[in-house]
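Student: sequence below, structure please.
(chains A, B, C and D)
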Number of protein chains: 2
Amino acid sequence: MVVDSEVDRLFHALADPTRRDVLRRSAEGELSVSRLADGYEMSFAAVQKHVAVLERAGLVTKTRRGREQLVRTDPAALRRARQALDELEAVWRDRVDRMTDLLTTPIQEEDR
Amino acid sequence: MVVDSEVDRLFHALADPTRRDVLRRSAEGELSVSRLADGYEMSFAAVQKHVAVLERAGLVTKTRRGREQLVRTDPAALRRARQALDELEAVWRDRVDRMTDLLTTPIQEEDR
DNA sequence: ATAACTTGCAACCAAATGGTTGTAGATTCC
DNA sequence: GGAATCTACAACCATTTGGTTGCAAGTTAT
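Tutor: Numbers count the residues shown, from 1 in each chain, chains lettered A, B, ... in the order given. Below is the predicted model of the structure:
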């Protein structure tokens, strides 16, 4: 099971188009924060904040190389987000299964 | 492809523990907004707002039954959220594939 | 008919979010 | 050594969010 506050941070981080784009671009290949920031209209500090949100959610990690900080996406975090979605879907699927059972299971002697 | 603003709303709606719980409970079985609200510490109006957020994201639909409004989760919306995650993961997977290719593909005459 | 229940919505408030500019500390280049 | 580059972080601002209470309107039960 994934803890609640972690799922909060994951989905919150994913709920912004700039952050999803950062995620895509740094999945393509490692990029410094400055190189990433070049790609957007907003200020460097704004992009830096977005990266920080992704980092707190565990979606990216940074590694220093000289004066720059390389951003790399962590696929395990994406999988954790998917797992949280899967758990939600499972609740619904279980219910459908139970309803299907009710409709298709032949009635046994001991059930009466 | 899923449009950006829709993904925004989906992930934003999912980034709150109360809303995820509403989603679970209304996946278990249809519940009126009042019945749902009974399960939480906060006011009725607060729960109503959470349901509205889920509704705007398409994660639940409401159908009237007499004076009450039954909330039902829409599994298709959950799948759209998963698809958005899958698209992000795909970027990363493609990159890994390309790197693996570089390492394993034997060098051909015409590549030199 | 009236009371009780359910919902929707407005007005309000505190806190969080997403942006800005400015400053300061490392690191690299010349 | 000094200039340029890269990053971090603080202070500030407008907007959004998540909560509250109060009120109006529709539906059901007595």
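
Student: ok, how many other residues are close to A:P17?
Tutor: 11 (other Cβ atoms under 10 Å in any protein chain shown). For every residue, glycine as well, the C-beta is placed using N, CA and C.

Student: for it, what are its contacts?
Tutor: Listed by Cβ atoms under 8 Å, 6 or more residues apart in numbering or on different chains, the contact partners of A:P17 are B:4, B:7-8.

Student: helix or strand right after the host helix or strand of A:T18?
Tutor: For A:T18, the host element (DSSP states H and E) is helix A:17-28. Sequence-wise, the next helix or strand downstream of helix A:17-28 (DSSP H and E) is strand A:31-32.

Student: most neighbours of all the contacts of A:P17, which one?
Tutor: That'd be B:V7 among those, by other Cβ under 10 Å, with 24 neighbours.

Student: the helix holding A:T18 and DNA strand D in contact?
Tutor: No. Helix A:17-28 is not in contact with DNA strand D by Cβ under 7 Å from any atom of the strand; minimum separation 11.5 Å.

Student: distance from that helix to the middle of the chain?
Tutor: 12 Å (Cα atoms, centre = their mean, to the nearest Å).

Student: which parts of that helix are buried?
Tutor: A:18-20, A:22-23, A:25-27 (16 or more other Cβ atoms under 10 Å in any protein chain shown).

Student: do stretch A:81-100 as well
Tutor: For stretch A:81-100, by 16+ other Cβ under 10 Å, it's A:81-82, A:84-85, A:88-89, A:91-92.

Student: strands of chain A, residue ranges please.
Tutor: A:31-32, A:60-65, A:68-73 (DSSP state E).

Student: with mean neighbour count as extra columns, can I get these in JSON lines?
Tutor: Compiled in JSON lines, these are given as follows (neighbours: other Cβ atoms under 10 Å in any protein chain shown):
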{"stretch": "strand A:31-32", "mean neighbour count": "18"}
{"stretch": "strand A:60-65", "mean neighbour count": "14"}
{"stretch": "strand A:68-73", "mean neighbour count": "18"}
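
Student: export those to CSV and tack on mean pLDDT and distance to DNA strand D?
Tutor: Below are these laid out as CSV (pLDDT from 0 to 100; distance: least, Cβ to the nearest atom of the strand, whole Å):
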stretch, mean pLDDT, distance to DNA strand D
strand A:31-32, 96, 3
strand A:60-65, 96, 6
strand A:68-73, 96, 3
